[in-house]
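**Student:** 3D model of this:
(one chain, ligands or ions: 1)
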Amino acid sequence: MRVAILSSEAVPFAKTGGLADVSGALTKALHAEGADSFLIIPLYDQIDRTALGSTFIDDLEVDWRGKLARIRVWQSDALKAPTYLIDAPHYFAPGKIYGEVNDFERFAFFCRASIALLNRLGDAPDILHCNDWPTGFAAVEMRARRRHEEFFAKTRIVFSIHNLAYQGAFRPSDLWWLGFNAYASDFMLDGAASALKAGLVAADVLSTVSPRYAREIQTPEQGYGLDWLMRARSDRLIGITNGVDYDVWNPETDTDIAANFSADDLSGKRECKLDLLQRFGLPQEPERPIIGIISRLVGQKGYDLIRQAARGILDTGAFFIALGAGAREYEDFLQSWHDQAPQRVGVYKGYAGEPLAHQIEAGADIFLMPSLYEPCGLNQMYSMRYGTVPVVRATGGLDDTVESFDVSTGKGNGFKFGPYSASALLEKIREAIYFYTQPDIWAQIKRNGMKTDNSWSAAAKKYLQLYREVTRGAPV
Ligand code: ADP
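**Tutor:** The predicted structure is shown next:
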C-alpha cells in the first residue's frame, strides 16, 4: 500500500499543534505496519536544514499561474519514513507557518507542487492522504487529474479532518488565477471559497480523529456550517482515534525530564515535580498538587471557564502552571493571574518547543483540558502515560479516551465533566484533588492511566483497513 501523506506541519520538523504530532507519527506507524508511506510538507524557514539530507530534486517544475516555477525538494530520514520537503522560499521562507495574508495561495502552491512531486517519485500512490484545509486543493486537483491521467487513475483520496473550524476561506475571485475556477461550486461556502469544503467534497473517504467527533460534526452546534455536508457524506465518514508516539512520549526514556519513571516505580516523578516548580519560580512545596495545562490559547480550549473559575481553583490549594501561545486576551489573563498570585501561578506565554511540554507532563499531578470542543486531543493521552491525571470536558476525543474514575470499582484513568460551565469544571477539580489527598487511591488512578494503551499501531491498522476498502471501491 503506497501512501502519500500531505500535511502543513509534522514533527520533528515544524509544529504548532496536534496536527504535527499526528502527521509525523501516522506516517511512521504506517511504515512500521509495512506500508510504503511517505510524508510531504513545506520547507519552512524554522526547519533545521542540517537535519536534512542533500537536495533530492533540483528542478521540480510546477505549473503555476501560467508559468513553470522551478523548485527544489529535500529529503529527510529523520522520521523513520521518507519525508519530502517542498522548498519554495517565496512562500515558506518568511515568517509563520500560518497567519500570512496569502495562506490560501501558499498552501495552494504546496498542493500543486506535491502532486508534481508524486509524478516524479516512481509509482503513483494508492492513497493520497490529505489533512485539514491546507491540503484541500490537492484533493480537488487529484480528483480532476486522475480522470484523464492514466498515472493517477488508481489513486484514491482520503481526507482527514483534524479540526473542522479552520476552513481556509478566501475570496472566490482568487479561484481563477489559482486554476480552480472550474470547481468553484465545490469551494463555495457562505459567499467565500473554502479550501476545506472543496477537499471534503473531492475526497473518496473522510476520516476524523475520534468516533465521537465524527458524530459531533454532523450537528449544527459543532458542524461550523458544514454539518449538512458531514451528514450527506456520513456513509463515507469514519472516526479513528489518534495514538501516542511512545518513542517520543515515554517517561521511562524521556531525555527532557529531570528523572525517568515508570508505572512500577514512580519515584522519579517527585523529582520532575520539584524541577517543574523551580523552572516556574514557584516554591518547592511538593505536597501541593500541580494543575498543568498546555494548549493553544484559543476559545476552543476552555480558557473562558478557567478565567471564571480562577479564584476557586486557587482555593483548592493547588499550583497552576500554564504553557500557551495565542490570543492576546488569554495571554493577558494568564499574566494578570500570575501577577496576583506569583507564588501559586506559573505561566509561560509563547510556543516553547517540546522540552517544556514534556517537563509539564512529567511534573504536574493533574492535567486540565476543559475544551469547548476537542476533535481528539493528545495531551490527555500524554498525561496518562506520565502519571498525570487528566481532568477534561466530555467532548470529542476527550470523551472517547478518558474513562471517569469510579471509586467503587477502582477503574478509570481521569475525571470528566459535562456542561460547559465554570462550576462544572471546578467541581471536577475539587473531586480530583479530594482523591489526590488519598495517596493509595491516587496511585491507583495514575497506574490506570499509565497502563492505558494508546499506541499508534492500533490506529495505523484502522487506517490501513480504510485504505484497503477505498482502493477496492469506485472513485467519487
Ligand atoms: P491542538 O491540535 O488543537 O493544538 P492537541 O491536544 O491535539 O491540540 O495537541 C497539541 C499539541 O501541541 C501537544 O503536543 C502540545 O504539547 C503542543 N503545544 C500546544 N501549545 C504549545 C506551546 N505553547 N508550546 C509547546 N507545545 C505546545
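**Student:** what residues does the stretch 201-350 of the chain have near the ligand?
**Tutor:** Ile294, Ser295, Arg296, Leu323, Gly324, Ala325 (C-beta under 6 Å from any ligand atom). To be clear about C-beta, it is placed using only N, CA and C from the backbone, and glycine gets the same treatment.
**Student:** ok, 8 Å please
**Tutor:** With C-beta under 8 Å from any ligand atom as the criterion, the stretch 201-350 of the chain comes near the ligand at residues Asn242, Ile294, Ser295, Arg296, Val298, Gln300, Lys301, Leu323, Gly324, Ala325, Tyr348, Gly350.
**Student:** can you go through those and name the buried ones?
**Tutor:** With burial judged by 16 or more other C-beta atoms under 10 Å, the buried subset of these is Asn242, Ile294, Ser295, Arg296, Val298, Gln300, Lys301, Leu323, Gly324, Ala325, Tyr348.
**Student:** any part of the one helix or strand Asp440 maps to near the ligand?
**Tutor:** Assigned by DSSP states H and E, Asp440 belongs to helix 439-450. No - contact of helix 439-450 with the ligand (C-beta under 8 Å from any ligand atom) is absent, the minimum separation being 16.0 Å.
**Student:** next: stretch 188-196.
**Tutor:** No - for a cut-off given as C-beta under 8 Å from any ligand atom, stretch 188-196 has no contacts with the ligand; the smallest distance is 15.4 Å.
**Student:** give the buried residues for that stretch.
**Tutor:** Leu189, Ala193, Ser194, Ala195, Leu196.
**Student:** what's the answer for stretch 263-282, then?
**Tutor:** Ala263, Gly268, Lys269, Glu271, Cys272, Lys273, Asp275, Leu276, Leu277, Arg279, Phe280, Leu282.
**Student:** what do you get for stretch 409-428?
**Tutor:** Neighbour-count burial for stretch 409-428 [16+ other C-beta under 10 Å]: 412-417, 420, 422, 424-428.
**Student:** can you show me the helices along the stretch 101-250 of the chain?
**Tutor:** Remark: helices assigned in the stretch 101-250 of the chain by DSSP state H, counting those that start in this stretch are 103-120, 136-148, 175-178, 184-187, 195-202, 211-216, 227-232.
**Student:** which residue ranges form the helices in the stretch 351-476 of the chain?
**Tutor:** Counting by DSSP H, counting those that start in this stretch, the stretch 351-476 of the chain has helices at residues 354-363, 379-385, 396-401, 422-436, 439-450, 456-472.
**Student:** circling back: in a markdown table: the buried residues of stretch 409-428, plus pLDDT and distance to Ala460.
**Tutor:** Formatted as a markdown table, the buried residues of stretch 409-428 follow (pLDDT from 0 to 100; distance: C-beta to C-beta, whole Å):
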| residue | pLDDT | distance to Ala460 |
| --- | --- | --- |
| Gly412 | 98 | 27 |
| Asn413 | 98 | 23 |
| Gly414 | 98 | 25 |
| Phe415 | 98 | 29 |
| Lys416 | 98 | 27 |
| Phe417 | 98 | 32 |
| Tyr420 | 98 | 33 |
| Ala422 | 98 | 39 |
| Ala424 | 98 | 35 |
| Leu425 | 98 | 34 |
| Leu426 | 98 | 39 |
| Glu427 | 98 | 38 |
| Lys428 | 98 | 33 |
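**Student:** so which of these is the closest to the ligand?
**Tutor:** For the buried residues of stretch 409-428, the closest approach to the ligand (C-beta to the nearest ligand atom) belongs to Gly414, at 14.3 Å.
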